[in-house]
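[1] what's the 3D shape of this:
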Amino acid sequence: MDNKVCIWTDGAYSLSRNVAGCAFVAQHIKNGEMLKESSHSQTVVGTTSNRMELQAAIDGLRFVKRPWVIEIITDSTYLANTINKWVSSFVRDKSRLNHDLMVILYDLMKYHKKVTAI
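    Just a heads-up that it's a prediction; the model follows:
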């Protein structure tokens, strides 16, 4: 049985324009069949690429209203490592970059049944 939500995420920043953006596409999959697909994107001025990678995952996790098994698909090693390895230790260290987003991400990960990144 394959019941999960797959969330494709991406974040980017353009130094020359000082504009960043992030997006996600979420697919609800039950018994191997896609039930629903949704997407969202946004732009932000004056931030960083890593913050946008985190924000895309946060937006995707917030979108899923009930606890599910979540698989986040990303091209960002930073985001994958944050989700799979670092987030629980990063939230305890307030001096970490992006600590504010790490706390939100961690809380959302605890809400869902299981969150992994590939």
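[2] show me the contacts for the spatially most central residue of the chain.
    The chain has A57 as the residue nearest its centroid, 1.1 Å off, counting by CA atoms, centre = their mean. Contacts for A57 (CB atoms under 8 Å, 6 or more residues apart in numbering) come out as I7, T9, F24, I72, T74, L79, I83, L105, A117. Any C-beta I mention is one placed from the backbone N, CA and C, and that applies to glycine too.
[3] distance of it relative to D10?
    According to CB to CB, to the nearest Å, A57 and D10 sit 10 Å apart.
[4] where do the contact lists of these two overlap?
    Joint contacts of A57 and D10 (CB under 8 Å, 6+ apart) are F24, T74.
[5] where along the chain do the strands fall?
    Listed in chain order, the strands found in the chain under DSSP state E are 4-14, 19-30, 33-45, 69-73, 114-117.
[6] in the protein, what residue sits furthest out from the centroid?
    The chain, farthest from centre, CA atoms, centre = their mean: S16 at 25.2 Å.
[7] let me see the contact set for L61.
    With CB under 8 Å, 6+ apart, L61 has these contacts: I7, I70, L105, L108, M109, Y111, H112, V115.
[8] got a PyMOL select line for the buried ones in those?
    The buried residues among those can be selected in PyMOL (16 or more other CB atoms under 10 Å) with this line:
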select buried, resi 7+70+105+108+109+111+115
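[9] in the contacts of L61, find the pair that's most separated.
    Using CB to CB, those span at most 14.0 Å, a distance reached by I7 and Y111.
[10] C-alpha coordinates for stretch 95-115, PDB please?
    Presented in PDB, the C-alpha positions along stretch 95-115 are these (Å, rounded to 0.1, in the frame of the first residue of the first chain):
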ATOM      1  CA  SER A  95      22.700  31.100  16.600                       C
ATOM      2  CA  ARG A  96      22.100  29.000  13.400                       C
ATOM      3  CA  LEU A  97      21.300  30.800  10.200                       C
ATOM      4  CA  ASN A  98      17.700  30.500   9.300                       C
ATOM      5  CA  HIS A  99      16.800  29.400  12.800                       C
ATOM      6  CA  ASP A 100      13.300  30.900  12.500                       C
ATOM      7  CA  LEU A 101      12.500  28.800   9.500                       C
ATOM      8  CA  MET A 102      14.100  25.700  11.100                       C
ATOM      9  CA  VAL A 103      11.700  25.900  14.000                       C
ATOM     10  CA  ILE A 104       8.700  26.100  11.700                       C
ATOM     11  CA  LEU A 105       9.900  23.300   9.600                       C
ATOM     12  CA  TYR A 106      10.600  21.100  12.700                       C
ATOM     13  CA  ASP A 107       7.100  21.700  14.100                       C
ATOM     14  CA  LEU A 108       5.500  20.800  10.700                       C
ATOM     15  CA  MET A 109       7.600  17.700  10.500                       C
ATOM     16  CA  LYS A 110       6.500  16.600  13.900                       C
ATOM     17  CA  TYR A 111       2.800  17.100  12.900                       C
ATOM     18  CA  HIS A 112       3.000  14.700  10.000                       C
ATOM     19  CA  LYS A 113       3.400  10.900  10.400                       C
ATOM     20  CA  LYS A 114       6.800  10.900   8.700                       C
ATOM     21  CA  VAL A 115       8.800  13.400   6.600                       C
END
